[in-house]
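# predicted structure and sequence below. I'll ask about it afterward.
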Amino acid sequence: MKRYEGLFILNNNLAATGKEDGVTVAIERISKDIEAAGGKIEATQKMDKRSFSRIADKKFSSGFYVNIIFQGPGASIATLQHKFGLNEDVFRVLFTIAADPKAAPALAAAK
């Protein structure tokens, strides 16, 4: 099992009604999908709504950013990428391999 970091940009229409509940529900669904694919979530960081510097679609000029760190099998990433690509709540998703939490302080001490 590798450690991954998923950056999710959620659709800005989730809070169009003025409620933040839509974003929270979307984060819970994403977490359940990761766990269903065999992943184990370590941390979830909900960030603010940010405007895009480049607007690809006039309907989407901003989005809610969420960072999720999880452990999972490498084969599940392609499946999750496809699943979140079909999800209307997720505007964009990017998966990267996260550094070990134990290795990060050692790198900082070496500098």
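Arrived safely. Residues are numbered from 1 along each chain as shown.

# quick one: the strands in this structure, in order.
2-11, 40-51, 62-72, 90-97 (DSSP state E).

# sheet-wise, list the partners of the first one with their directions.
This points to strand 2-11. Note on strand 2-11: by DSSP bridges, its sheet partners are strand 62-72 (antiparallel), strand 90-97 (antiparallel).

# am I right that Gln81 is in contact with Leu94?
No: taking Cβ atoms under 8 Å as the definition, Gln81 is not a contact partner of Leu94, at 9.3 Å. Bear in mind the C-beta positions are built from the backbone N, C-alpha and C, glycine included.

# under the pLDDT cut-off, which ranges of the protein? List them.
Within the chain, the stretches with pLDDT under 70 are 15-20, 103-111.

# the longest helix in this structure is where?
helix 21-36 (DSSP state H).

# roughly how far apart are the nearest residue to Asn67 once chain neighbours are set aside and Pro73?
With sequence-adjacent residues excluded and distances taken as Cβ to Cβ, 6 or more residues apart in numbering, Asn67 is closest to Gln45, at 4.3 Å. Per Cβ to Cβ, to the nearest Å, Gln45 is found 23 Å from Pro73.

# one more: Thr96?
In terms of Cβ to Cβ, Thr96 sits 16 Å off from Pro73.

# who's more crowded, those two?
Set Thr96 next to Pro73 and count neighbours by other Cβ atoms under 10 Å: Pro73 wins out with 12 against 9.

# ok, that one - contacts?
Pro73 is in contact with 1-2, 37-39, counting by Cβ atoms under 8 Å, 6 or more residues apart in numbering.

# what's the PyMOL syntax to select whichever of those residues are buried?
Here is the PyMOL command that selects only those of these that count as buried (16 or more other Cβ atoms under 10 Å):
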select buried, resi 37+39
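
# state the pair within the contacts of Pro73 that is farthest apart.
The largest distance within the contacts of Pro73, taken as Cβ to Cβ, falls between Lys2 and Ala37 and amounts to 12.9 Å.

# okay, and the common contacts of the two?
Taking Cβ under 8 Å, 6+ apart as the contact rule, Lys2 and Ala37 both touch 72-73.

# before we move on, back to that, for the longest helix of the chain, output the C-alpha coordinates as PDB.
The C-alpha atoms that make up helix 21-36 are tabulated as PDB, following Å, rounded to 0.1, in the frame of the first residue of the first chain:
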ATOM      1  CA  ASP A  21     -23.500  21.300   3.800                       C
ATOM      2  CA  GLY A  22     -23.200  20.500   0.100                       C
ATOM      3  CA  VAL A  23     -19.400  20.600   0.300                       C
ATOM      4  CA  THR A  24     -19.300  18.500   3.500                       C
ATOM      5  CA  VAL A  25     -21.600  15.900   1.900                       C
ATOM      6  CA  ALA A  26     -19.400  15.700  -1.200                       C
ATOM      7  CA  ILE A  27     -16.300  15.200   1.000                       C
ATOM      8  CA  GLU A  28     -18.000  12.400   2.800                       C
ATOM      9  CA  ARG A  29     -18.900  10.700  -0.500                       C
ATOM     10  CA  ILE A  30     -15.400  11.000  -1.800                       C
ATOM     11  CA  SER A  31     -14.000   9.500   1.400                       C
ATOM     12  CA  LYS A  32     -16.400   6.600   1.200                       C
ATOM     13  CA  ASP A  33     -15.400   6.000  -2.500                       C
ATOM     14  CA  ILE A  34     -11.700   5.900  -1.500                       C
ATOM     15  CA  GLU A  35     -12.400   3.500   1.300                       C
ATOM     16  CA  ALA A  36     -14.600   1.300  -1.000                       C
END
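
# all set, thanks.
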